[in-house]
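Asks: sequence and predicted structure are below.
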Amino acid sequence: MRSFRNIIMAVAIKLPRMSDTMEEGTIVSWFVKVGDTVKSSEMIADVETDKATMELENFEKGEVLYLLPEGTTVPVETAIAVIGKKGEDFQDLLKEAPAAEAEPAKAAAPTPAAAPPSAPAASSTPSASAPVASTSNNGRVFASPLAKSMAEDKGINLEAVTGTGDNGRIIKKDIENYTPRAAASTAAVGVESYDEVPVSQMRKTIAKRLAESKFTAPHFYLTKEIKMDAVLSARKRMNEYTENRISINDIIIKATAVALKSHPNVNSSWLGDKIRRNHHVHIGVAVAIDDGLLVPVVRFADSKSLSQIGAEVRELAGKAKTKELQPKDWEGNTFTISNLGAFGIDEFTAIVNPPDACILAIGSSKETVIVENGEMRAGHVMKVTLSCDHRAVDGVTGANFLQTFADLLEEPVRLLV
């Protein structure tokens, strides 16, 4: 008879789906090592998803018997760790849920213990020796979210920081104690060199989703010029009565939300065999970060005050830049705004952000000559372009929405009624 002592109690920890669009993830860093004892509800790793770097929570207790190497990218539901009793045979678990074969450029084949960090590949021109931060073999720097945020605030390049945490992870004190060293001498004139940056999970998803949108949804574009003098004047007066300064972007979000309530056909989604007309207004606000673009969502934007919208957008943008957004922060948008006006862009066209049927591209507000009633005067105008999925929205529908949007900005008092 088989002894109970021989029953395997080890458990394979599989990579969970940590966002609605996640198909694979990268093990950025482990907080534990083989041989450590772990308990339920303990955070054991940083995992890079398509939206953010998120902490992985463990729900088992026991000893860590196996870890997939840091820097490895694998599909969802792949075994990335094994937890059980010391000395247990866990090979059958890996056969049942084997780790996917790692891409050659990203990670070596999995081993029982996490692979030690190594320096990123050098360019064609050797450089002077310098301190090397803790990195995987794909060049990622391993640092805690707090350390990353502190380094960004202080303008510190994490690649120049040596980590003292587990497995060489950069932690808070490393940033606090960092002292810049003299820069290495520049390369000789005429020598060719380059850097190759691994494609992040976020950039992969952006590429996939936008390519599907651009080449699946038949786009058309409507551009309108809007007079902005009334908005600029109203904003100046508003900021005299509030400590939370209101931006032009906050007013644009509010005007968009109010206009969408009058034009539900624009606040819609193409679902293949049906069109969903949303009665609620959840506006996605595109935020640029180093890895690409995130779209946190301002929910029920039509019912919120300008001060509430401004505070929420600032909070969401901050969380996006530190990769602290959670799924609830980016899911459920019914319409999207992309604003490049602050970057001096006059006008542009944006790609529809699925599942939305439309996206509004905002250019800069600039001073120019305006002709009214046959007379010329100086004034400010802003160009906006509405990108539409023609399967769900027709030209006249989009044009009527833009006219309502323009009327609200040219007479901003209408936003208060």
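Replies: Happy to help now that I have it.
Asks: from residue 321, how far off is residue 201?
Replies: Separation of residue 201 from residue 321 (CB to CB, to the nearest Å) stands at 17 Å. Placement of C-beta: from N, CA and C, glycine included.
Asks: these two - which one has more neighbours?
Replies: Using other CB atoms under 10 Å as the criterion, residue 201 and residue 321 rank with residue 201 on top: 24 against 17.
Asks: thought the more buried one was touching residue 27?
Replies: No: Residue 201 lies out of contact with residue 27 (CB atoms under 8 Å); the separation is 11.3 Å.
Asks: now do the shared contacts for the two.
Replies: Common contacts of residue 201 and residue 27, defined by CB atoms under 8 Å, 6 or more residues apart in numbering, comprise residue 73.
Asks: low-confidence ranges in the stretch 151-300 of the chain?
Replies: Counting by pLDDT under 70, the stretch 151-300 of the chain has low-confidence residues at 166-167, 182-188.
Asks: at 90 what do you get?
Replies: Applying pLDDT under 90 to the stretch 151-300 of the chain flags the ranges 151-216, 241-244, 272, 288-294.
Asks: tell me where it has strands.
Replies: Assigned by DSSP state E, counting those that start in this stretch, the strands in the stretch 151-300 of the chain fall at 219-227, 268-270, 275-277, 283-285, 287-289, 292-294, 297-298.
Asks: buried deepest among those, which one?
Replies: strand 283-285 (a mean of 25; mean count of other CB atoms under 10 Å).
Asks: adjacent strands (with direction) for that one?
Replies: Using DSSP bridges, the strands paired with strand 283-285 in its sheet are strand 297-298 (antiparallel), strand 335-339 (parallel).
Asks: CSV for those, including distance to residue 46?
Replies: Shown next, in CSV, are those (distance: least, CB to CB, whole Å):
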stretch, distance to residue 46
strand 297-298, 24
strand 335-339, 28
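Asks: right, and these - which one's nearest residue 189?
Replies: If you check each of the strands paired with strand 283-285 against residue 189 by CB to CB, strand 335-339 wins as the nearest, at 40.2 Å.
Asks: which neighbours does whatever helix or strand comes next after that closest one have in its sheet, and in what orientation?
Replies: Once the chain leaves strand 335-339, the next helix or strand it forms, by DSSP states H and E, is strand 358-372. The strands beside strand 358-372 in its sheet (DSSP bridges) come out as strand 335-339 (parallel), strand 375-389 (antiparallel).
Asks: point out the most buried one among these.
Replies: Comparing these by mean neighbour count (mean count of other CB under 10 Å), strand 335-339 ranks first with a mean of 24.
Asks: output that one as PDB, nothing but the C-alphas.
Replies: In PDB, the C-alpha atoms belonging to strand 335-339 read as follows (Å, rounded to 0.1, in the frame of the first residue of the first chain):
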ATOM      1  CA  PHE A 335     -14.900  57.400 -24.900                       C
ATOM      2  CA  THR A 336     -11.200  58.500 -25.000                       C
ATOM      3  CA  ILE A 337      -9.400  61.800 -25.100                       C
ATOM      4  CA  SER A 338      -5.800  62.200 -26.300                       C
ATOM      5  CA  ASN A 339      -4.400  65.700 -25.600                       C
END
